[in-house]
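>>> Show me the folded form of this:
(one chain, ligands or ions: 2)
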Amino acid sequence: KVCFCDTNGELGTKTLSELQSKYGEGNAMFQTCDVSLQQPMENLFKKVKETFGCLDIVCNNAGIGGEVYPLWEKTIDVNLKGTTRGTLLALEHMRTDKGGKGGVIINISSAAGLNVNPLSPVYSATKAGIIALTRSLAMNSEVKSAGVRLNVVCPAFVDTDLIKEINDDNCLDVQKASKFIEMIGVVSKEVVVDCFMELVRDVNQNGAVVKCSKMDGTQYTSIEVKPVT
Ligand SMILES: NC(=O)C1=CN([C@@H]2O[C@H](COP(=O)(O)OP(=O)(O)OC[C@H]3O[C@@H](n4cnc5c(N)ncnc54)[C@H](O)[C@@H]3O)[C@@H](O)[C@H]2O)C=CC1
Ligand SMILES: CCCCCC(=O)/C=C/[C@H]1C=CC(=O)[C@@H]1CCCCCCC(=O)O
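Numbers count the residues shown, from 1 in each chain. Ligands and ions are numbered 1, 2, ... in the order given. Just a heads-up that it's a prediction; the model follows:
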């Protein structure tokens with residue numbers, strides 16, 4: 001069973017019909033919802049719990065690019081604040097110490113959050129924030145004991161609409177970006193999905209940060225963790 005949200009109601013409804021005809025009407029749900037808004041997100045999580053009984057897997061995927069005012073503020077609202085909101089609401093519903101059954105949260109960051117990104121610094125900062133948020137919660141002993149795992153996927157360029165829409169609003173130099181894309185290549189959605197599924201299925205993965213790129217495929221990164229006493 002799956003529920004997904006998007007601000008694009010038309011695209012969401014079309015995807016919903018495809019999922020329902022493939023997996024059955026009662027197994028897919030879509031809600032128009034803006035991840036940057038608290039009340040609609042709270043309502044959405046409540047509705048999913050009431051309809052499906054519990055939440056096992058949550059993916060915070062919504063993301064945009066925007067480097068100039070006021071779009072840079074929206075980028076932080078959607079990417080960093082939206083992912084933080086979705087992560088905290090997911091934890092509330094999944095934690096065994098709050099009546100949940102445990103589960104796994106997968107957040108979608110970017111290779112731009114692992115590395116410097118001179119052409120989209122605000123985007124890069126939001127994606128670095130997602131990595132720090134996810135790893136920090138994954139290493140929190142109360143979260144671990146409450147049966148929730150958290151992992152993060154960091155794709156480089158993927159064959160979606162987002163990279164077709166690189167422009168002066170979301171990139172500081174479109175020409176340089178095109179050359180960069182040509183140099184490192186575009187990875188398929190399937191590679192990213194396989195990586196996502198591996199992180200869902202492998203119960204030993206908690207706090208993993210995995211990069212997916214055309215050039216290097218799927219790579220587990222290693223970042224030193226100093227235990228907090
Ligand atoms: N395509 C790429 O090269 C890469 C994408 N990513 C990340 O992957 C994730 C998915 O992006 P793509 O599928 O590539 O882009 P996309 O632009 O095709 O899809 C993003 C979706 O998010 C939705 N969305 C935007 N703002 C929203 C909001 N406030 N609330 C709810 N939904 C909202 C859009 O309507 C759209 O359907 C994003 O977080 C993106 O930053 C990461 C690395 C590379
Ligand atoms: C220098 C990066 C070019 C920036 C172009 C842009 O505005 C954003 C592109 C991004 C679309 C989604 C992303 O996550 C993109 C950045 C991916 C950067 C990949 C960095 C690869 C690496 O450092 O290995």
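>>> The helix ranked longest in the chain packs against which elements?
Determined from DSSP state H, the single longest helix within the chain is helix 121-138. Counting contacts by 3 or more Cβ pairs under 8 Å, 6 or more residues apart in numbering; DSSP states H and E, helix 121-138 is packed against helix 71-75, helix 82-94, strand 103-108, helix 111-114, strand 148-155, strand 209-213. C-betas here are computed from N, CA, C, even on glycine.
>>> Which of those has the highest mean neighbour count?
strand 148-155 (a mean of 26; mean count of other Cβ atoms under 10 Å).
>>> what mean pLDDT would you report for it?
Summarised as a single mean, pLDDT over strand 148-155 is 98.
>>> And stretch 210-225, by the same measure?
Rounded mean pLDDT across stretch 210-225 is 91.
>>> what comes into contact with it?
Stretch 210-225 is contacted from outside by 111, 114, 135, 139, 151-158, 184-187, 191-192, 194-195, 198-199, 207-209, using Cβ atoms under 8 Å, 6 or more residues apart in numbering.
>>> now, which of the residues you listed lie close to ligand 2?
111, 156, 157, 184 (Cβ under 6 Å from any ligand atom).
>>> next helix or strand past the helix or strand of the chain with the lowest mean pLDDT?
Counting by mean pLDDT, DSSP states H and E, the chain has its least confident helix or strand at helix 161-164, which shows a mean of 91. Downstream of helix 161-164, the next assigned helix or strand under DSSP states H and E is helix 174-184.
>>> mind exporting that following helix as CSV, just the C-alpha atoms?
Written as CSV, here are the backbone C-alpha positions of helix 174-184 (Å, rounded to 0.1, in the frame of the first residue of the first chain):
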residue,chain,number,x,y,z
VAL,A,174,23.6,27.3,-16.9
GLN,A,175,26.3,26.8,-19.5
LYS,A,176,28.8,25.5,-17.0
ALA,A,177,26.2,23.2,-15.5
SER,A,178,25.4,21.7,-19.0
LYS,A,179,29.1,21.0,-19.5
PHE,A,180,29.3,19.5,-16.0
ILE,A,181,26.3,17.3,-16.7
GLU,A,182,27.9,16.1,-19.9
MET,A,183,31.1,15.3,-18.0
ILE,A,184,29.6,13.3,-15.2
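>>> quick one: low-confidence parts of the chain?
227, 229 (pLDDT under 70).
>>> Would you mind naming what in it lies close to ligand 2?
65, 110-112, 115, 117, 119-120, 123, 156-157, 162-163, 166, 170-171, 177, 180, 184, 213.
>>> hmm, back to that, figure out which of the helices and strands packed on helix 121-138 is closest to residue 50.
helix 82-94 (11.1 Å; Cβ to Cβ).
>>> Which single residue in this protein comes nearest to ligand 1?
Closest approach of the chain to ligand 1 (Cβ to the nearest ligand atom) occurs at residue 63, with a separation of 2.1 Å.
>>> Surely that residue and residue 113 touch.
No. Contact criterion Cβ atoms under 8 Å: residue 63 and residue 113 do not qualify, at 10.5 Å.
>>> Name the nearest residue to residue 58, sequence neighbours excluded.
residue 90 (3.8 Å; Cβ to Cβ, 6 or more residues apart in numbering).
>>> Could you list the buried residues of stretch 110-124?
By neighbour count on 16 or more other Cβ atoms under 10 Å, the buried set for stretch 110-124 is 110, 111, 112, 113, 114, 117, 119, 120, 122, 123, 124.
>>> Skipping adjacent residues, who's closest to the fifth one in space?
By that I understand residue 114. residue 154 (5.3 Å).
>>> What of the fourth one?
Leaving aside its chain neighbours, residue 113 sits nearest to residue 127 (2.8 Å; criterion: Cβ to Cβ, 6+ apart).
>>> I appreciate the help and will end here.
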